[in-house]
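Q: Would you be able to build a 3D model of this:
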Amino acid sequence: MSTGWVQRLRAAIEAAAGSQTVVDADTAWRQVADSDTVRTTLVGPWSAGKSSLIKRLLVEDGSPVPPWLTVSASRETYEIREARSAGFTYVDTPGLGSDERRHDLMALSSVAATDLLVVTVTPQLLGTDVDRLAALVDGTAITPYGGEFFPPGALVVVIAKADMAGVDPVDDLDGFRAMVERKRSAVVTALQRRVRGELPPVIAVIADLGGQHARNPSPSAAAFAEGREWDGVQALRAALAGGQARRLRAAAQVRHWARTGAVALEQATAALAQAQDQQRRAEADRSRVLVLEEELAALDASAASRLRDDIRDEMHSVIMQGGVDSTEQLAEQISERLDSSVAAWHAESTSKLVALARRAQIELTPVAAGIGGRQSDPHIEQFVKHAASPATRGADAQLTEFVAKGLLLADKLQELRLGVNSADVPQHLTEYQSLVDRIHPDAYARTLSLLGIDGVLTDPRYAQELAGLQKHEGVSELISYLRKPGGITSPEHAAKLKNAAHTLRIAADVAPVLLELVHMQQQERASQHLRDKRAQLQLQADGAAKRLAEQILAGGTQSTGWQGQVAELRAALRAGTPGDDELALAAQRGRELAEARGNLDTLLRELAAATSLAD
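A: Have a look, this model is predicted:
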């Protein structure tokens, strides 16, 4: 047989199914290649007499019978077993058609990796028996396109248990022989209807008449002397010995790699279909994400524009109302108006972000994710989870606190009235910070952790730990300061005052300008000079409104504002979607897999069309 076929098959299989498939196939073949005997495998239906036939061949060779040949194996526990005898290794396989798919797969692998194949059928010759025989003869049991994988002497058909056909050879030998010939002719005729070319020998055999020696662990050859003339065993032994060992081994090698190629073709076909489906879904998801990003950009622009307009309108409203005489009063009014206005804006805008994220979760997650579908994007899931329950915390770095952080802005603006006068905020913050700076960082961190617990200062469960912490410099003074009324009452209180101070500072900066506008509004008549001045001041007020809007949108150095929310949602949309490079690599891999699969398919077709696999 040509080693060229084997080399071509190995290369095509490795390209289509990977190097590990070739390694596994090499390992399986080594069991045959290293054998110094003719590996002879028996396959057939369960309880078709394979074990009895092996036992009889061993007895005729004068070889010991292994214990497993004296016990009937069940369909569930039967495995491949071997017995060596007189230059042969007989391989008993699980029964085909036993409702155990793994048995059929084991038997088929043995069919390929064997020098000589003996196929047993029952005298009843079921339709499945004929189909199986035809598939072996024309090679379609090895590859989907078939081929001449069994040269003369490599395949023998045995009608086993011929004594079960209805005629007892002891009572009516002539009738038995006539019946055997009818059965043999029926097998030949059935095969001729399905396949062309030379057929394998068909031999009727009685390995153990009536099962007389089934439980005898070591019967002698003399025990079968009575039927040796007509039981077909000698004819079978002659057929098994008729093949050339080297030719059988070379054919087995090609057959083994052809069968491996057929399995690899199935795997490559499935992998290619899966890869193409994944690429289509990835490209579809990418298109959906681009559309969602465009919607997010439009939502972002609209929200930012609306915020700037709302702040400007609130400032104009304060100006038009008048009735204030000091910058402090005007700053207070501005803060109050902005408090509710910005909170309402943020709630509406955040709800639109949540709605967009929920849409993304639906559109980017297949309805039937189990059918090779993309799993739900964890980033989007986390976003929706926290949109429904802002207080929930998680470990996801991108979206765990997406909604919660976005809502902090509204909380800050709603808590401008924190029980501390605006004018006193800098003093309180300075005093508080001076205390914090005196404390060792580790002691401060633990103190903050305890102070975050409601009622910790009066709870006896924490008394001992608090007493230990107060030994550190500054801790006792900090706790005493926080317990004093009229000032900062907690680290959280201090943080909120710092955030509120930003808004108040901008309001205070623009208050003198707005106050002058108020006074000018109260004048019934204004000169052109005053109108010009009003326009100039109005521009300054609008500039302040724009700066305040940008501060709210940015959310400070921690990017907790609107812009941070939009950026995190955009990142969440992109997180589960492949980029251009990934899509290009996937497309390239699909083309390579399609090419490798096509080359293997072409090679198996060429193998089937070859009139001879010999050199």
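Q: Please enumerate the strands of this structure.
A: With strands called from DSSP state E, the chain shows them at 38-43, 81-85, 88-92, 116-121, 155-159, 202-204.
Q: distance of the closest residue to Arg177 other than its chain neighbours from Leu125?
A: The shortest distance from Arg177 to any non-neighbouring residue, by CB to CB, 6 or more residues apart in numbering, is to Trp230 (6.8 Å). From N, CA and C alone the C-beta is placed, and that goes for glycine too. Relative to Leu125, Trp230 is positioned 20 Å away (CB to CB, to the nearest Å).
Q: just to revisit the earlier point, next up, the contacts around the residue nearest to Arg177.
A: By CB atoms under 8 Å, 6 or more residues apart in numbering, Trp230 lies in contact with 169, 173, 176-177, 206.
Q: What lies in contact with stretch 589-608?
A: So stretch 589-608 is in contact with 5, 8-9, 12-13, 15-16, 139, 143-147, 254, 258, 261-262, 264-265, 268-269, 271-272, 275-276, 279, 613, going by CB under 8 Å, 6+ apart.
Q: ok, back up a step: can I get the strands of the chain in JSON lines including distance to Val32, mean pLDDT and mean neighbour count?
A: Listed next are these as JSON lines, based on distance: least, CB to CB, whole Å; pLDDT from 0 to 100; neighbours: other CB atoms under 10 Å:
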{"stretch": "strand 38-43", "distance to Val32": "5", "mean pLDDT": "92", "mean neighbour count": "24"}
{"stretch": "strand 81-85", "distance to Val32": "12", "mean pLDDT": "90", "mean neighbour count": "18"}
{"stretch": "strand 88-92", "distance to Val32": "9", "mean pLDDT": "92", "mean neighbour count": "23"}
{"stretch": "strand 116-121", "distance to Val32": "11", "mean pLDDT": "92", "mean neighbour count": "26"}
{"stretch": "strand 155-159", "distance to Val32": "16", "mean pLDDT": "94", "mean neighbour count": "25"}
{"stretch": "strand 202-204", "distance to Val32": "24", "mean pLDDT": "94", "mean neighbour count": "23"}
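Q: Low-confidence ranges, the stretch 51-200 of the chain, go.
A: 70-78, 95-110 (pLDDT under 70).
Q: and with 50 instead?
A: Applying pLDDT under 50 to the stretch 51-200 of the chain flags the ranges 75-77, 98-106.
Q: can you give me the helices for it?
A: 101-112, 127-137, 173-192 (DSSP state H, counting those that start in this stretch).
Q: what's the answer for the stretch 401-550 of the chain, then?
A: Assigned by DSSP H, counting those that start in this stretch, the helices in the stretch 401-550 of the chain fall at 402-414, 425-438, 441-451, 463-469, 475-483, 491-522, 528-554.
Q: what's the last one packed up against?
A: The criterion is 3 or more CB pairs under 8 Å, 6 or more residues apart in numbering; DSSP states H and E, and the helices and strands that helix 528-554 contacts are helix 245-321, helix 491-522, helix 562-575.
Q: Deepest-packed of those helices, please.
A: helix 562-575 (a mean of 20; mean count of other CB atoms under 10 Å).
Q: Helix 245-321 and that helix, what's the angle between them?
A: 160 degrees (axes from the mean of the first three to the mean of the last three CA atoms, to 10 degrees).
Q: Can I get helix 562-575 in PDB, CA atoms only?
A: Output in PDB follows, covering the C-alpha atoms of helix 562-575 (Å, rounded to 0.1, in the frame of the first residue of the first chain):
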ATOM      1  CA  TRP A 562     -23.000  62.300  33.700                       C
ATOM      2  CA  GLN A 563     -19.900  62.000  31.400                       C
ATOM      3  CA  GLY A 564     -18.600  59.200  33.600                       C
ATOM      4  CA  GLN A 565     -21.900  57.400  33.300                       C
ATOM      5  CA  VAL A 566     -22.000  57.700  29.600                       C
ATOM      6  CA  ALA A 567     -18.400  56.600  29.200                       C
ATOM      7  CA  GLU A 568     -19.000  53.500  31.400                       C
ATOM      8  CA  LEU A 569     -22.100  52.500  29.500                       C
ATOM      9  CA  ARG A 570     -20.200  52.900  26.200                       C
ATOM     10  CA  ALA A 571     -17.500  50.700  27.600                       C
ATOM     11  CA  ALA A 572     -20.100  48.200  28.700                       C
ATOM     12  CA  LEU A 573     -21.600  48.100  25.200                       C
ATOM     13  CA  ARG A 574     -18.200  47.400  23.700                       C
ATOM     14  CA  ALA A 575     -17.000  45.000  26.300                       C
END
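Q: show me what contacts the nearest residue to Glu283 once chain neighbours are set aside?
A: Among residues not flanking Glu283 along the chain, Leu583 sits closest, at 6.6 Å (CB to CB, 6+ apart). With contacts defined as CB under 8 Å, 6+ apart, Leu583 is in contact with 279, 282-283, 286.
Q: which residues of the stretch 451-600 of the chain score low on pLDDT?
A: 524-525, 557-558.
Q: Give me the buried stretch members for stretch 141-151, please.
A: 141-143, 145-151 (16 or more other CB atoms under 10 Å).
Q: Redo the strands of the chain as JSON lines? Include distance to Asp437.
A: As requested, the strands of the chain are exported to JSON lines (distance: least, CB to CB, whole Å):
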{"stretch": "strand 38-43", "distance to Asp437": "86"}
{"stretch": "strand 81-85", "distance to Asp437": "83"}
{"stretch": "strand 88-92", "distance to Asp437": "85"}
{"stretch": "strand 116-121", "distance to Asp437": "89"}
{"stretch": "strand 155-159", "distance to Asp437": "93"}
{"stretch": "strand 202-204", "distance to Asp437": "101"}
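Q: Of all those strands, which one is nearest Ser317?
A: strand 38-43 (92.9 Å; CB to CB).
Q: how close does Arg461 sit to Gly455?
A: Taking CB to CB as the measure, Arg461 falls 10 Å from Gly455.
Q: before we move on, what about Asp174?
A: For Asp174 relative to Gly455 (CB to CB), the value is 109 Å.
Q: Nearest to Tyr432, out of the strands of the chain?
A: With CB to CB as the yardstick, what comes closest out of these is strand 81-85 (84.5 Å).
Q: So which elements touch the closest one?
A: Secondary elements touching strand 81-85 (3+ CB pairs under 8 Å, 6+ apart): helix 50-61, strand 88-92.
Q: Between those, which one is closest to Val202.
A: Per CB to CB, nearest to Val202 of the helices and strands packed on strand 81-85: helix 50-61, 14.7 Å.
Q: Noted, bye for now.
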